[in-house]
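In: Could you look at this predicted model? Sequence included:
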Amino acid sequence: MLARIISGKEIAEEMRAALVPEIEKLKQAGITPGLSVVLVGENPASQVYVRMKGKACEKAGIHSDTIKLPTETSEEELLELIDRLNADTAVHGILVQLPLPKQINEQRVLRRVRPDKDVDGFHPENVGKVAIGDPTGFRPATPYGVQQMLLRSGVEIEGSHVVIVGRSNIVGRPMASLLLQKDKGGNATVTVCHSRTKNLPSVTRSADILIAAIGKARFVTGDMIRPGAVVIDVGVNRVNDPTAEKGYRLVGDVDFEGAKGVASAITPVPGGVGPMTITMLLYNTVQATRQWAD
Ligand code: GUN
């Protein structure tokens, strides 16, 4: 069997096009959705992500503003900036790009963002709302995007056994919350695996849907996948490649070559989950603007 490719790029394009009239409507009512993105330091991957987020906003008609701070910025300075953005009525969404430099406490920063502007869904209030299925909570963009990809590519989620490899606050845990909800896109049986899971391959082989989000290049190999399973690869890892123009290339957490002959459907890297993440950030920014206008 050769797996069907689930193109995040195509689904993301459709979803972004569907959002444009919504943004137009808000603008006609005199409200331009506004997103502020904060980048501290010079992490090369973060610089790329932040640039892509800004471009996607511009294309969709969302006003975006990227604030870059030097690596040595203190926590106090960052908190003061967040307070300013919290109070700015033109800013409906605030995103602090992670990771932050080591002198800054990430949790203190994420808690400082007003929950109603927290389009990343990382504030504990939104984590709680998502966990109990309150639709006013912001769903973290990456798991929200994975759920949309599954729904829009016709994968049966309800009643399926979903195995998530990785328990991060950004992907694994909120992914489990979304798929457990008693709602469309939920009702799955969810197992979350991590570095201490015993006999991981036997667990992953029990998955109807396998979601890899561990941040290790090609960690999930073909023998860890049940024939016919759907495989979603959240990983974006740089590996050295002297033949590539930049000296590296991007690979996922799944060994794509080994997996594509076993799975029934699989997401590529790049062009899979990545474009969906940015799309769902745009959706969250529009949700924040709408909730603010109500
Ligand atoms: N770093 C990696 N993923 C994310 C994300 O979804 N949001 C933010 N703010 N930082 C990230």
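Out: Structure received.

In: which stretches of this protein have low pLDDT?
Out: Counting by pLDDT under 70, not a single residue of the chain qualifies.

In: What segments of it are helices?
Out: 8-28, 44-60, 75-87, 106-112, 124-132, 141-152, 172-180, 200-204, 256-259, 273-293 (DSSP state H).

In: In TSV: those, plus distance to the ligand and mean neighbour count.
Out: Heads up, the C-betas are built off the backbone N, CA and C, glycines and all. Below are those laid out as TSV (distance: least, C-beta to the nearest ligand atom, whole Å; neighbours: other C-beta atoms under 10 Å):
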stretch	distance to the ligand	mean neighbour count
helix 8-28	15	16
helix 44-60	7	16
helix 75-87	13	16
helix 106-112	9	16
helix 124-132	13	17
helix 141-152	5	24
helix 172-180	10	22
helix 200-204	23	16
helix 256-259	21	18
helix 273-293	6	23
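
In: Between these, which one is closest to L2.
Out: Proximity to L2 (C-beta to C-beta) singles out helix 256-259 among these, at 10.9 Å.

In: Nearest to the ligand within the chain, name that residue for me.
Out: L98 (3.7 Å; C-beta to the nearest ligand atom).

In: what residues does the stretch 151-294 of the chain put near the ligand?
Out: Taking C-beta under 6 Å from any ligand atom, the part of the stretch 151-294 of the chain that reaches the ligand is made up of I170.

In: Grab the nearest non-local neighbour of P99.
Out: Nearest residue to P99 in three dimensions, chain neighbours excluded: N43, at 6.7 Å (C-beta to C-beta, 6 or more residues apart in numbering).

In: Can you report how many residues neighbour that neighbour?
Out: For N43, the count of nearby residues is 17 (other C-beta atoms under 10 Å).

In: My guess is it contacts L98. True?
Out: No - counting by C-beta atoms under 8 Å, N43 stays clear of L98, with 9.2 Å between them.

In: Burial check on G222, number of neighbours?
Out: The tally of other residues near G222 (other C-beta under 10 Å) stands at 17.

In: Identify the residues contacting it.
Out: 255, 258-259, 261-262 (C-beta atoms under 8 Å, 6 or more residues apart in numbering).

In: how about 10 Å then?
Out: Each residue near G222 by C-beta atoms under 10 Å, 6 or more residues apart in numbering is listed here: 231, 254-263.

In: Return the distance of the residue nearest to G137 when sequence neighbours are not counted relative to A12.
Out: Once flanking residues are discounted, G137 sits nearest to K129: 2.6 Å by C-beta to C-beta, 6+ apart. With distances taken as C-beta to C-beta, to the nearest Å, K129 is found 25 Å from A12.

In: Next: A217.
Out: To A12, A217 is 23 Å away according to C-beta to C-beta.

In: again with R238
Out: Distance from R238 to A12, by C-beta to C-beta: 22 Å.

In: likewise P242?
Out: 31 Å.

In: repeat for M280
Out: The spacing between M280 and A12, counted by C-beta to C-beta, is 9 Å.
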